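[1] Build me a model:
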Amino acid sequence: QSRFILLDPQVEMPESRLKVRRSLLSANIYTPAADTPATWLPRVFLPSKVGTGQGLNRGNQKYTNQLGGEVKAAGSGLRGGGGTDAYGGGGGNKDRVGYCFSMNHIRRKFVLIFSALLGLIIFQLLQLGHQIRDAPISITASSDPFPSVIEDSETLHVSVSNALSYDPFPLDVDDSEAWCKHLSSTPEPPLVVYNRIPKAGGTTMKVIYQDKLHRGLGKDYWGFTDRNNLKDKLLSTFSAILETSKEGTTTIVDGHFRPMFPVPNATFMNLMRLPKSRAVSHFYYSLYDSVAAKHSNNGINKKFLENVISPALNKKCLKSKNCLKYLRTECRSQIQFLSISDSWGEEKTDGTYDKIDIGKILSNKNLEVLGFHEEFEKSLDMFECAFPSIFEGAKEKLKKMGAQKVGNHKFGIISKELEKLIDEKFCVDEMELYKRALEQFNYRYNKMVLNRGSCCRVKNK
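    Numbers count the residues shown, from 1 in each chain. Okay, here's the model as predicted:
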């Protein structure tokens, strides 16, 4: 007699009229309408319990015939016993069943091994990708990149003099070893020039060093140093300060002037801020919190409003050419404060700008320390390392007094279209400079923290 075994998933299963290559049902019950020679699932055999052909269905019989090639047409049903019949006793059927199970076992092992190898390859590729992404790019610098007395605007020699592309970046900014060596081998300069970037923490900085030797330069000294003989006027003022200063002291001078230029026996420092954040802050400061606004009847800078048209960074500003021009100009302002005249990217006649020279800006020997508004405490630590006479105990002062805020009008950017324009058009170059300068800052800061005793200057006595 023939025996069929029905597995749970097949009990009372409704008949499907969909033509499939192989189903679990047809693996155990031979259905000519669905059973085709091309299979995608391995055959499921139900082995005999007594060493006979019992337990095999017609589909198993047919498959066994194909494998062995030894049996002729199937008989009418399964035959038991131990004779020489194709489906009967002996070891023939057992060998074929064992062969199928063995092949399935091998296939499973192969799939597992292949999957493990594929996973390992993918993991190694991901690790390699992270290493390539984080790998630094080298910089070539002179052996003494920071002279003790700055006489000219010569910059460090870098492998790429003009950064035409930012992907990948043309230079690595890890000059921390040379920077530390310079600080530890030179005394504090007699004059530190802080050409303050507007709305980048300058007011707080002034409060911190107000009890030190300092000189604040008024509006007569603000503006572009390459216009109206401002450079000569500043040089004359700096020279007078140095002549009247006591030997062995350090004086800090601040004012809003740009670009930098070489000053004998002096060095520059500055604070940078996220470009979009600074531009937005300066817009609302100029409109509502500037001197002109405070002296007006309604608390608004009338002249500024007439120029930009819009009282906020909204769709009205988006439609105003003057408002857009103002934002585009502000998004390049920090570049001008941190550059010498040949690296900031001059404006062309068509309103576009030449590419800024990030290599020259970051390797400029005139700028000894550049801090960041977003890393204020770390920046004070760096300033103290370079200029201890001015910034000794600066972090403790900051904690006591808190940040000094000028103005309370913080409406932000109301128009999404305007914000997208600022991000993707106006502030792109300055943002690239910000990221690279911050990377340089972190290299220097980490080096200083680990080697403070051998890196920082000693305070003048």
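[2] wait, is Phe261 part of a helix?
    No - secondary structure assignment (DSSP: H, G, I helix; E, B strand; the rest coil) places Phe261 in coil, not in a helix.
[3] Could you tell me how far Ile208 is located from Ile197?
    With the distance defined as CB to CB, to the nearest Å, Ile208 ends up 16 Å from Ile197. From N, CA and C alone the C-beta is placed, and that goes for glycine too.
[4] Output stretch 285-301 as CSV - backbone C-alpha positions only.
    C-alpha atoms of stretch 285-301 as CSV (Å, rounded to 0.1, in the frame of the first residue of the first chain):
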residue,chain,number,x,y,z
TYR,A,285,22.1,94.7,14.4
SER,A,286,22.5,97.3,11.6
LEU,A,287,18.7,97.8,11.4
TYR,A,288,17.7,97.8,15.1
ASP,A,289,20.7,98.0,17.4
SER,A,290,23.3,100.2,15.7
VAL,A,291,24.1,103.7,16.9
ALA,A,292,22.0,105.1,14.2
ALA,A,293,19.0,103.0,15.2
LYS,A,294,19.4,104.0,18.9
HIS,A,295,19.4,107.7,18.0
SER,A,296,16.3,107.4,15.8
ASN,A,297,12.7,108.2,16.9
ASN,A,298,11.4,104.7,16.2
GLY,A,299,14.4,102.6,17.0
ILE,A,300,15.1,101.8,13.4
ASN,A,301,18.1,102.7,11.2
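[5] Do I have it right that Val263 meets Pro190?
    No - with contact defined as CB atoms under 8 Å, Val263 and Pro190 do not form a contacting pair (10.8 Å).
[6] hang on, Asn446 packs against Ser176?
    Yes - here Asn446 lies in contact with Ser176, judged by CB under 8 Å, at a distance of 7.2 Å.
[7] Over to stretch 363-380 now: how far is its first residue from its last?
    End-to-end distance of stretch 363-380 (CA to CA, to the nearest Å): 21 Å.
[8] Now do the contacts for Ser339.
    Listed by CB atoms under 8 Å, 6 or more residues apart in numbering, the contact set of Ser339 reads 258-260, 356-357, 360-361, 364.
[9] That one looks like it's in a helix, true?
    No - remark: Ser339 does not belong to a helix; assigned using three-state DSSP, it is coil.
[10] quick one on the thing from earlier: so if I had to pick from Asn446 and Ser176, which one is more boxed in?
    Legend: neighbour count by other CB atoms under 10 Å for Asn446 and Ser176, higher for Ser176 (20 against 13).
[11] Check that one and give its pLDDT.
    Looking at Ser176, its pLDDT reads 93.
[12] what's the closest non-adjacent residue to it?
    Distance criterion CB to CB, 6 or more residues apart in numbering; nearest residue to Ser176, sequence neighbours excluded, is Lys447 at 3.6 Å.
[13] Ok, Gly218 next?
    Spatial nearest neighbour of Gly218, chain neighbours left out: Gly255 (7.5 Å); criterion: CB to CB, 6+ apart.
[14] ok, what's across the strand from the one you found?
    Beta bridges link Gly255 to Asn195 when assigned by DSSP bridges.
[15] Find the least confident helix or strand in this protein, judged by mean pLDDT.
    Taking all helices and strands of the chain together, the one with the lowest average confidence (mean pLDDT, DSSP states H and E) is helix 58-68, at a mean of 50.
[16] Lys181: neighbour count?
    Residues lying near Lys181 (other CB under 10 Å) number 17.
[17] for Ile121, that is, sorry about that
    By the criterion of other CB under 10 Å, Ile121 has 10 neighbours.
[18] Roughly how far does it sit from Val111?
    Using CB to CB, we find Ile121 at a distance of 16 Å from Val111.
[19] same deal with Ser379?
    Applying CB to CB, one obtains 58 Å for the distance of Ser379 from Val111.
[20] who has more neighbours, those two?
    Remark: of Ser379 and Val111, Ser379 carries more neighbours, 26 against 10, as counted by other CB under 10 Å.
[21] And the pLDDT for the more buried one?
    97.
[22] Next up, the contacts around it.
    Counting by CB under 8 Å, 6+ apart, Ser379 touches 271, 371-372, 441.
[23] just the buried members of the residues you listed?
    Buried members of these, counted by 16 or more other CB atoms under 10 Å: 271, 371-372, 441.
[24] Out of those, list just those in strands.
    Taking DSSP state E as the definition of strands, those contribute 271, 371-372.
[25] Export those as TSV, with columns for pLDDT and distance to Asp429.
    As requested, those are arranged in TSV below (pLDDT from 0 to 100; distance: CB to CB, whole Å):
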residue	pLDDT	distance to Asp429
Leu271	97	19
Gly371	97	21
Phe372	97	18
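[26] Could you dump those into a markdown table with distance to Thr203 added?
    What follows is those, written out as a markdown table (distance: CB to CB, whole Å):
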| residue | distance to Thr203 |
| --- | --- |
| Leu271 | 11 |
| Gly371 | 15 |
| Phe372 | 16 |
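[27] Return the member of these nearest to Phe383.
    Nearest to Phe383 among those, counting by CB to CB, is Gly371 at 6.4 Å.
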